[in-house]
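Colleague: quick one, structure for this:
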Amino acid sequence: MACFSRQWYRFTFGFEENLNQDACDLETIFEGLNGDTGSIIKMIESTVYSKRFRNRSIVSN
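Modeller: Below is the predicted model of the structure:
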């Protein structure tokens, strides 16, 4: 489940995680997926409620 959580994070945010900065978000996503009541829906909810997701910025090239 940890591998799936990391891949989900990378897909959602478009970059590889930095464990120093993103450990809390990864743990929250993992718990949403793997906890007692874990499910894909809980994982998605934990992602969209995360600070990083809510405060996304658009980078133009």
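Colleague: which helix or which strand is home to the nearest residue to residue 38 once chain neighbours are set aside?
Modeller: Spatially, and ignoring its direct neighbours in sequence, residue 38 is nearest to residue 32 (6.2 Å; CB to CB, 6 or more residues apart in numbering). To be clear about C-beta, it is placed using only N, CA and C from the backbone, and glycine gets the same treatment. Taking DSSP states H and E as the criterion, residue 32 maps to helix 19-34.
Colleague: just to revisit the earlier point, thinking the residue nearest to residue 38 is in contact with residue 49, fair?
Modeller: No: the pair residue 32 / residue 49 is not scored as a contact, 9.3 Å apart, by CB atoms under 8 Å.
Colleague: for this protein, which segments are assigned as helices?
Modeller: 2-13, 19-34, 40-48, 51-54 (DSSP state H).
Colleague: ok so, going back, ok, now which ones touch the residue nearest to residue 38?
Modeller: Residue 32 makes contacts with 38-39, 42-47, as judged by CB atoms under 8 Å, 6 or more residues apart in numbering.
Colleague: what subset of these is buried?
Modeller: Among the contacts of residue 32, the ones that count as buried by 16 or more other CB atoms under 10 Å are 42-43, 46-47.
Colleague: for those residues, which one is nearest residue 12?
Modeller: residue 47 (5.8 Å; CB to CB).
Colleague: need the pLDDT of residue 57.
Modeller: pLDDT for residue 57: 69.
Colleague: for the one 3 residues further on, same thing?
Modeller: Residue 60 is assigned a predicted lDDT (pLDDT) of 64.
Colleague: what's the answer for residue 32, then?
Modeller: With respect to pLDDT, residue 32 has a value of 84.
Colleague: could you check how far the residue positioned nearest the centre of the chain is from residue 55?
Modeller: In the chain, the C-alpha nearest the mean C-alpha coordinate belongs to residue 9, at 4.2 Å (CA atoms, centre = their mean). Distance of residue 9 to residue 55, computed by CB to CB, to the nearest Å: 16 Å.
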